[in-house]
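Participant: Got a sequence here, can you build the structure:
(4 chains)
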Number of protein chains: 2
Amino acid sequence: MIRLAIVDDQALIRAGLARILSPADGFDLVAEASDGAEGVRLAADHALDVVLMDIRMRGMDGIEATRAIRGADGPPVLILTTFDDDETLADAIDAGAAGFALKESPAEDLIRAVQVVASGGSWIDPLVTPRVLASFRAASPAADPPTDVEELTERENEVLRLMAVGATNTEIAEDLDVGEATVKTHVGNIFAKLAVRDRVGAIIWAYDHGLAQPDPPAG
Amino acid sequence: MIRLAIVDDQALIRAGLARILSPADGFDLVAEASDGAEGVRLAADHALDVVLMDIRMRGMDGIEATRAIRGADGPPVLILTTFDDDETLADAIDAGAAGFALKESPAEDLIRAVQVVASGGSWIDPLVTPRVLASFRAASPAADPPTDVEELTERENEVLRLMAVGATNTEIAEDLDVGEATVKTHVGNIFAKLAVRDRVGAIIWAYDHGLAQPDPPAG
DNA sequence: GACCGGCTCCACCGCCGGTCGGAGGTCCGG
DNA sequence: CCGGACCTCCGACCGGCGGTGGAGCCGGTC
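Facilitator: This is a model prediction of the structure:
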């Protein structure tokens, strides 16, 4: 039997979930709460396998409650929400949620989600999965190659790239086989276009805009 | 009915899948292939809703085949494999796979996976999900908080942090309420400890070592 | 007490970075 | 053909940066 609690401020939702997660499928609904703070207490008082947590609630919301439960070494939390924007997903994961399910999903998905999370796994609703995959892909070794900055000319992009790896004006001049005066001109134009005051600002700009990417050393 | 093809070089696996994905559940197995190249032909010749693709195969492997099918605007591909290391997952996603399922998963998960992918969705096996989530979290706004650099003193860490946001020595001095001479001393010590030659090098070092993190602007 | 590391400050100096005003070249499009 | 964008270069100026070589104060350790 999977011991679970439901935290949602709408009684109707709780009732519906209670029906879907029936004892016949191995679920044991041991407690209910209507706001986050109460949910945190439930998680502490009962030995639960999983908590179903709504996000939008009066008082302490589901994200905060999840953080509190995880911080207290509580049971895994399955976030159950109506809205599936990236930010709430990121918040949920950051708060330590083990799963993210949508209310619009079919009952069998929810059942599977609760089972997976209760047994220590993770769950992402299939409807949300594409975006998570996209993110994973972006973070995977084959990341976006640095692209040129539109508002800069080709030459200025070259100069900025060299600046971003720590080259001095003299070195840039040697690298590009032009005079240092030329480099200074380009550098000055770059500052104006990027609205920064010095090369330090330009480098920070480059990192913030993905033109330069951190290159963490082994270890 | 979901029209599907199975690409796997082991006949036994194909037979097992054919049993699990029975017509009773709405599946219509219209073709089978035993290597990647043949799978690509199948995808082109039959109007399929989904292709189940093994990775390890003689000749053209499942990743290449997936890339070929996606490149030709073919049906969505559900990768089905025994091994679940991060690299093959990343490869599969990069090749354009719509789903990633493990052979060790229960039959009902596979059924759901095929349904989800056939209807245009994405699927990640619950066993793989935790690592994908970890990656998503790492890429999400609330990343690991910057930690102090061990080899630097507390004060030097403060100075480096301010340098990394573009502050000049004078500004750092004002911020920390000390003399500019003091800041210069700290800055010099930082250079020596990080083995960089100037503040530009220090900033790049900070980004590479996670002390400073890119702060991409909206848009 | 002696020692050391960290934090604070000072003076001096050379150099690189950054700004300004100007100038010549190409190439492209109106 | 002329204007404009881009790339190239020059000289001069200045300020911040970085290096050197000091100094004193504090807290902890040996």
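
Participant: Could I get the contacting residues of A:Glu151?
Facilitator: For A:Glu151, the contact set (CB atoms under 8 Å, 6 or more residues apart in numbering or on different chains) comprises A:Lys193. Every C-beta, even on glycine, is put in place using the N, C-alpha and C of the backbone.

Participant: One more: the one 4 residues further on?
Facilitator: Under the criterion of CB under 8 Å, 6+ apart, the contact partners of A:Arg155 comprise A:Leu176, A:His186.

Participant: quick one: which helix or strand includes it?
Facilitator: Applying DSSP states H and E as the criterion places A:Arg155 in helix A:154-164.

Participant: between the very next helix or strand once past that helix and helix A:154-164, how many degrees?
Facilitator: On the C-terminal side of helix A:154-164, the nearest following helix or strand under DSSP H and E is helix A:169-176. Relative orientation of helix A:169-176 and helix A:154-164, computed by axes from the mean of the first three to the mean of the last three CA atoms, to 10 degrees: 130 degrees.

Participant: if we can go back for a sec, what residues sit buried inside the helix holding A:Arg155?
Facilitator: Across helix A:154-164, burial judged by 16 or more other CB atoms under 10 Å in any protein chain shown covers A:Arg155, A:Glu156, A:Asn157, A:Glu158, A:Val159, A:Leu160, A:Arg161, A:Leu162, A:Met163, A:Ala164.

Participant: is DNA strand D contacted by it?
Facilitator: Yes - under the criterion of CB under 7 Å from any atom of the strand, DNA strand D is reached by helix A:154-164 at A:Glu154, A:Arg155, A:Glu156.

Participant: Find the residue at the geometric middle of chain A.
Facilitator: A centroid search over chain A (CA atoms, centre = their mean) returns A:Ala90, at 3.0 Å, as the residue closest to the centre.

Participant: That one and B:Gly188: what is the separation?
Facilitator: Per CB to CB, to the nearest Å, A:Ala90 is found 40 Å from B:Gly188.

Participant: Quick check: phi and psi on A:Glu32?
Facilitator: phi -140, psi 150 (degrees, to the nearest 10).

Participant: State the pLDDT value of it.
Facilitator: According to the prediction, A:Glu32 has pLDDT 94.

Participant: From A:Met1, how far off is it?
Facilitator: A:Glu32 is 17 Å from A:Met1, by CB to CB.

Participant: more neighbours, those two?
Facilitator: Counting neighbours by other CB atoms under 10 Å in any protein chain shown for A:Glu32 and for A:Met1 shows that A:Glu32 has the greater number, 19 against 11.

Participant: Mind checking if the helix holding A:Arg155 is in reach of DNA strand C?
Facilitator: No - applying CB under 7 Å from any atom of the strand, one finds helix A:154-164 out of contact with DNA strand C, separated by at least 7.8 Å.

Participant: For A:Leu29, which three-state class applies?
Facilitator: Secondary structure for A:Leu29, judged by DSSP: H, G, I helix; E, B strand; the rest coil, is strand.

Participant: So it is in contact with A:Leu21, correct?
Facilitator: Yes - between A:Leu29 and A:Leu21 a contact is recorded at 6.4 Å, counting by CB atoms under 8 Å.

Participant: Residues in contact with both of the two, list them for me.
Facilitator: Common neighbours of A:Leu29 and A:Leu21 (CB under 8 Å, 6+ apart) are A:Leu4.

Participant: So for those two, which residue has more residues nearby?
Facilitator: The residue with more neighbours, out of A:Leu29 and A:Leu21, is A:Leu21; 23 against 17, by other CB under 10 Å.

Participant: Identify the residue nearest that one in space, chain neighbours excluded?
Facilitator: With sequence-adjacent residues excluded and distances taken as CB to CB, 6 or more residues apart in numbering or on different chains, A:Leu21 is closest to A:Phe27, at 4.0 Å.
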